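1. Predicted model and sequence follow; I will ask about them next.
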Amino acid sequence: MGSPADEPGHFDQEGPQHLVSISKFAMGQFEVTQGQWTALMGKNPSYFKNCGDECPVEKVSWDDTQEYLKKLSEKTGHKYRLPSEAEWEYAARAGAATAYAFGATLRGAQANFRDSKIGKT
């Protein structure tokens with residue numbers, strides 16, 4: 001877990017790199033959509049509403065998310081929670097030893113982030 005000190009873009013709080021053991025877990029493959037959030041919570045808090053119900057929900061706090069997970073658990077009878085930091089990193093890296101699941105660098109065509117200039121989630 002963590003990143004090596006010589007990795008481009010490395011921040012001090014990402015190290016030192018170390019082994020972590022995690023138990024078996026399941027995690028959703030996709031983000032919660034604005035439509036899913038609205039159906040359960042009754043409102044859409046997202047800033048980027050112009051992209052529709054299939055876009056990921058955003059502008060939600062940790063507390064908002066805990067309320068969503070509580071309602072989802074009550075509705076389905078299954079327990080839902082956010083992944084731990086170790087679980088998230090394991091899933092995000094998808095078995096890769098590089099900074100990203102698809103290699104050592106990130107380009108705008110691979111993900112939506114500030115430099116990609118896509119302008120929506």
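-> Now that the structure is in, tell me what you want to look at. Numbers count the residues shown, from 1 in each chain.
2. going forward, measure contacts between C-alpha atoms and count neighbours the same way
-> Fine.
3. center of this protein, which residue is that?
-> Glu31 (6.9 Å; C-alpha atoms, centre = their mean).
4. Contacts only, for that residue.
-> Neighbouring residues of Glu31 by C-alpha atoms under 8 Å, 6 or more residues apart in numbering: Pro56, Val57.
5. Now the closest residue to His78 other than its chain neighbours. Its backbone dihedrals?
-> Take His78 and drop its neighbours on the chain: the residue closest to it by C-alpha to C-alpha, 6 or more residues apart in numbering is Leu72, 8.0 Å away. For Leu72, the backbone dihedrals (degrees, to the nearest 10) come out as phi -60, psi -40.
6. show me the contacts for Leu72.
-> Applying C-alpha under 8 Å, 6+ apart, one finds that Leu72 lies in contact with Leu40, His78, Tyr80.
7. Kindly provide the distance from it to Glu14.
-> Between Leu72 and Glu14 the computed distance is 32 Å (C-alpha to C-alpha, to the nearest Å).
8. How about Gln110?
-> Taking C-alpha to C-alpha as the criterion, Gln110 is separated from Glu14 by 22 Å.
9. Any regions of the protein where pLDDT drops low?
-> Along the chain, the parts satisfying pLDDT under 70 run over 117, 119.
10. For it, just list every one of the helices.
-> Shown for the chain, the helices assigned by DSSP state H span residues 34-41, 62-76, 85-93.
11. Let me have the ones you listed in JSON lines, extended by distance to Glu7.
-> Shown next, in JSON lines, are those (distance: least, C-alpha to C-alpha, whole Å):
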{"stretch": "helix 34-41", "distance to Glu7": "35"}
{"stretch": "helix 62-76", "distance to Glu7": "29"}
{"stretch": "helix 85-93", "distance to Glu7": "15"}
